[in-house]
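Colleague: Need a 3D model of the following:
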Amino acid sequence: MRLFVNEDRKRNEIAYWDGGPDSKHIWYKNRLVYGKNWYYYKKNEKHISYIRNEFGFRERPLAEIDWKNSIILFGCSVVEGIGNTLEDTIAKQLEQLLDIPVLNFGISGSGIDLSCVNSLILHNDYPTPKAVVQMWSGLGRYSNFLTSTESKNYHPTREDYKAEYIWEERNRYYVEADRTLWKDKTVYYEGSTFLQTARDLNVTFYDELDKGRDQDHPGPKTNKSIAEDIAENLKKQGL
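Modeller: This is a model prediction of the structure:
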C-alpha cells in the first residue's frame, strides 16, 4: 500500500522554490532586510532544491530504501525542511550523526492524523524499521483524505476549517494509538516544535534558534540541535 502525500506534491520533479512561504519573491524581500551577511543572501551559495521521490517525499527513490535498517522520521514542513538545503534538514543531520539512513517523511502543512496514518501503513505493509520518530505538528490541524494516496490539509486559520469536530481531542487519540502501535516493536521517540502540542502530549519541545530561507520555518542551527537531541535519546533506548 502506498503512503499518503499532499495533493500538490510534485513527484520526480526538481523545484527550487517550495511555492509556499519559500518563494523567490519573499527571498528578494529578505535579502533587502537581512543584507549581505545573511546565510541565504547568495542564491547559489546555499542552493536549495526540492526533489521528491515517487512517494512524493523529499527522500531517496523507493528502490534505494532499506526499511528495516533505517530510521523513519514523520512530521510536517519542519521535518520536510522547507526553507533549508537537503543537508540542513533534521533527517540528513540525524543521518550524519548516527551513520544510519534516516527517511524524511515530512509533509508540508500536514497534521498529526496524517503522520499517524502513514505510520500505520508503515507498520502494516513494510518491514519494521530501526526506529520511528514522530515530530508532532499542531494539534488543531487535520487532513481530508481525497483518494487512497492523496490528502488535503487544513489549519485553524482556513475559512473552510471544521472547528466543530474538535480536532485537538481527536489528534490526542491518534497519538495514543501510534504509541501503542510501536510499543515493544522498535525504538520510538516523540518531539515537537509546537509549544502547545509539546505541553499537551508531554513530549520534548524544540524552540527555534534560527530561521530557514523563507524566514518562516526553523533553520539549520535549529535542525542540528533537534537532530543532536533525537540522536542522544535514540541511543539511550539502545539504538
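Colleague: There's contact between residue 61 and residue 54 in this structure, I believe.
Modeller: Yes. Between residue 61 and residue 54 there is a contact at 6.6 Å, judged by Cβ atoms under 8 Å. Just so you know, the C-beta spots here come from the backbone N, C-alpha and C atoms, and that holds for glycine as well.
Colleague: Those two: which has the busier surroundings?
Modeller: residue 54 (13 against 10; other Cβ atoms under 10 Å).
Colleague: Contact partners for residue 136?
Modeller: When contacts are counted by Cβ atoms under 8 Å, 6 or more residues apart in numbering, residue 136 touches 75, 112, 115, 175, 190-192, 194, 197-198, 201, 203.
Colleague: let's see 6 Å
Modeller: By Cβ atoms under 6 Å, 6 or more residues apart in numbering, the contact list for residue 136 reads 112, 192, 197.
Colleague: Can you select the buried ones among those residues for me in ChimeraX?
Modeller: To isolate the buried ones among the contacts of residue 136 in ChimeraX, judged by 16 or more other Cβ atoms under 10 Å, type:
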select :112,192,197
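Colleague: for the chain, which spans come out with low pLDDT?
Modeller: For the chain, residues meeting the criterion pLDDT under 70 lie at 1, 10, 43-46.
Colleague: Quick check: neighbours of the helix or strand harbouring residue 135 in the sheet, parallel or antiparallel?
Modeller: Taking DSSP states H and E as the definition, residue 135 sits inside strand 131-136. Sheet pairing for strand 131-136, assigned by DSSP bridges, gives strand 71-75 (parallel), strand 187-192 (parallel).
Colleague: and that strand, how far out from the chain's middle?
Modeller: Centroid separation for strand 131-136 versus its chain: 9 Å, with Cα atoms, centre = their mean, to the nearest Å.
Colleague: what's the answer for stretch 47-60, then?
Modeller: Computed by Cα atoms, centre = their mean, the chain-centroid distance of stretch 47-60 equals 12 Å.
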